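*Asks:* give me the fold of what follows.
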Amino acid sequence: MTLRELLTQTPFDNIVPYIKRSEQPDDVCHYKQAYDILLHTAPCEAGCHDVHVGIYREQDGAEYVDAGQIEGCWWNEYIDGNIIIEEGIEVSLEELAFRLLWHLTFFGYSQEQNNETLHTMGNDGYHDNKYGRMARHIDNKRYMLLANKAIRKRIVASIEEYEAEDRHSFALSEQDWNYILHHQQHCNRMKRMRDHRLELRLKELENLDRCENTMQQLLVNQVSQITRDDLSFLWNKGGRIGNEFQTRAYDATCRLEYLDELISKYGALNVGKTMKKCVVRLSTSQDFLLTQEERGVIHNKVKESTMDNSPILIEAIDETLGCQLRVMIVGIPKRC
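*Replies:* Numbering: from 1, shown residues only. Got it, this is the predicted structure:
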């Protein structure tokens with residue numbers, strides 16, 4: 001049996017119980033999208049690799065079905081590969097399908113997310129905006145203040161090496177890190193107070209960095225008349241919550257039905273239950289613009305799923321979507 005045949009023979013709803021017992025019980029809607037992407041994935045022209053399934057044993061004795069080789073891979077290189085199960089392993093089709101989905105989506109629930117995660121691994125996590133750059137500067141400064149002269153030189157050299165590869169971070173030896181940690185734990189009161197002030201400023205900038213990045217994502221290529229002032233409620237110290245999902249119906253006439261299923265059956269808007277104020281971005285391509293019916297249904301679904309009776313709707317163009325429709329919802333929780 002190939003991976004595609006396994007998924008075809010295993011209805012997604014039969015996999016859901018395993019998802020809900022996993023580390024991502026609230027990600028059912030994302031697994032659903034990944035499941036449908038895989039079923040519509042064309043195989044690699046060079047042919048597909050076999051998927052080898054074995055048993056992974058934890059130190060505490062726990063065992064589970066494992067196929068770690070497919071984590072971070074190109075999905076089209078395995079979709080029509082034969083599943084080779086290690087002798088002696090007994091596993092249902094439903095559990096096997098879940099475990100393979102779990103491994104394939106380890107770095108993201110689509111090939112694009114997968115590639116982006118792998119591309120940004122090793123980065124410091126800050127975004128390319130003024131708050132992110134300020135946060136990066138303070139973060140590096142904290143380590144520089146705790147390092148000796150030789151280690152500071154190595155930090156500067158490492159930062160330059162990463163920047164040459166268009167990445168932002170630095171690497172040190174275990175010995176250097178141990179020195180910094182020891183110095184941090186044994187510095188005098190004045191230095192501890194200085195480090196604490198920098199830490200508080202860093203947390204503030206990290207929140208502003210995330211908010212600015214979210215703001216840019218919401219407003220880019222919009223065809224609405226929403227301004228940054230309209231979204232000012234997102235600037236709060238309590239942070240933001242949200243979700244992003246899209247149709248995988250591969251037919252524009254079916255995308256509303258697919259979207260309704262993601263929301264009503266698979267909890268795509270469950271995150272909105274505690275939102276007191278939110279904004280929703282609806283993205284389509286120019287050739288498959290949002291219909292009035294889709295706009296109305298989504299607006300009503302958001303009102304039903306949140307505590308916001310007047311959610312802000314932003315319509316935007318994204319030519320990469322083809323006939324699909326993407327939804328991004330962001331809001332502030334009730335406690336803020």
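
*Asks:* just give the strands next to the helix or strand harbouring Lys276 in its sheet, each with its orientation.
*Replies:* Here Lys276, judged by DSSP states H and E, is contained in strand 275-284. Taking DSSP bridges as the criterion, strand 275-284 sits next to strand 312-317 (parallel), strand 326-333 (antiparallel) in its sheet.

*Asks:* quick one: contacts for the nearest residue to Ala34 once chain neighbours are set aside?
*Replies:* Using C-beta to C-beta, 6 or more residues apart in numbering and skipping residues adjacent in sequence, the residue nearest Ala34 is Tyr109, 4.6 Å away. Any C-beta I mention is one placed from the backbone N, CA and C, and that applies to glycine too. The contact partners of Tyr109, taken as C-beta atoms under 8 Å, 6 or more residues apart in numbering, are 27, 30-31, 33-34.

*Asks:* rebuild the residues you listed as JSON lines, extending it with pLDDT and neighbour count.
*Replies:* Rendered in JSON lines, the data for the contacts of Tyr109 read as follows (pLDDT from 0 to 100; neighbours: other C-beta atoms under 10 Å):
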{"residue": "Asp27", "pLDDT": "97", "neighbour count": "19"}
{"residue": "His30", "pLDDT": "98", "neighbour count": "22"}
{"residue": "Tyr31", "pLDDT": "98", "neighbour count": "22"}
{"residue": "Gln33", "pLDDT": "98", "neighbour count": "22"}
{"residue": "Ala34", "pLDDT": "98", "neighbour count": "23"}
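
*Asks:* could you list which of those belong to strands?
*Replies:* Helix and strand membership here follows DSSP state E; of the contacts of Tyr109, not one is in strands.

*Asks:* can you show me the CA trace of stretch 230-237 as PDB?
*Replies:* Taking C-alpha atoms only, stretch 230-237 is exported to PDB below (Å, rounded to 0.1, in the frame of the first residue of the first chain):
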ATOM      1  CA  ASP A 230      -8.800  50.800  12.800                       C
ATOM      2  CA  LEU A 231      -6.700  48.000  14.200                       C
ATOM      3  CA  SER A 232      -5.200  49.900  17.100                       C
ATOM      4  CA  PHE A 233      -7.000  47.600  19.600                       C
ATOM      5  CA  LEU A 234      -4.400  44.900  18.700                       C
ATOM      6  CA  TRP A 235      -1.700  47.000  20.400                       C
ATOM      7  CA  ASN A 236      -2.000  45.600  23.900                       C
ATOM      8  CA  LYS A 237       0.400  44.100  26.500                       C
END
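
*Asks:* quick one: contacts of it?
*Replies:* Taking C-beta under 8 Å, 6+ apart as the criterion, the residues outside stretch 230-237 that touch it are 204, 207-208, 211, 214-215, 218-219, 240, 277, 279, 312, 330, 332, 336.

*Asks:* relative to Glu293, how far out is the residue positioned nearest the centre of the chain?
*Replies:* By C-alpha atoms, centre = their mean, the chain has its centre lying nearest to Gly108, at 6.2 Å. Relative to Glu293, Gly108 is positioned 31 Å away (criterion: C-beta to C-beta, to the nearest Å).

*Asks:* can you check Asp128 too?
*Replies:* Asp128 sits 38 Å away from Glu293, going by C-beta to C-beta.

*Asks:* excluding sequence neighbours, find me the nearest residue to Gln184.
*Replies:* Closest to Gln184 by C-beta to C-beta, 6+ apart is Leu146, at 5.3 Å.

*Asks:* who does Asn82 form a beta bridge with?
*Replies:* For Asn82, the beta-bridge partners are Thr2 (DSSP bridges).

*Asks:* report how many residues lie close to it.
*Replies:* 14 (other C-beta atoms under 10 Å).

*Asks:* quick one: the longest helix anywhere in the chain to chain centroid distance?
*Replies:* Secondary structure of the chain read by DSSP state H shows that its longest helix is helix 189-219. In terms of C-alpha atoms, centre = their mean, to the nearest Å, the gap separating the centre of helix 189-219 from the centre of its chain is 21 Å.

*Asks:* dump the residue contacts of Leu7.
*Replies:* Leu7 neighbours (C-beta under 8 Å, 6+ apart): 35, 38-39, 97.

*Asks:* so which of these are in helices?
*Replies:* Checked against DSSP H, those include these in helices: 35, 38-39, 97.

*Asks:* how about those residues in a markdown table, adding pLDDT and neighbour count?
*Replies:* What follows is those, written out as a markdown table (pLDDT from 0 to 100; neighbours: other C-beta under 10 Å):
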| residue | pLDDT | neighbour count |
| --- | --- | --- |
| Tyr35 | 98 | 20 |
| Leu38 | 98 | 24 |
| Leu39 | 97 | 14 |
| Ala97 | 97 | 22 |
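
*Asks:* and of those residues, the nearest to Gly267?
*Replies:* Closest approach between the ones in helices among the contacts of Leu7 and Gly267, by C-beta to C-beta: Tyr35, at 15.1 Å.

*Asks:* quick check: the nearest residue to that closest one once chain neighbours are set aside vs Asp60, distance?
*Replies:* Ranked by C-beta to C-beta, 6+ apart and with sequence neighbours excluded, the top spatial neighbour of Tyr35 is Phe12, at 5.1 Å. Summarising the geometry, the distance separating Phe12 from Asp60, computed by C-beta to C-beta, is 31 Å.
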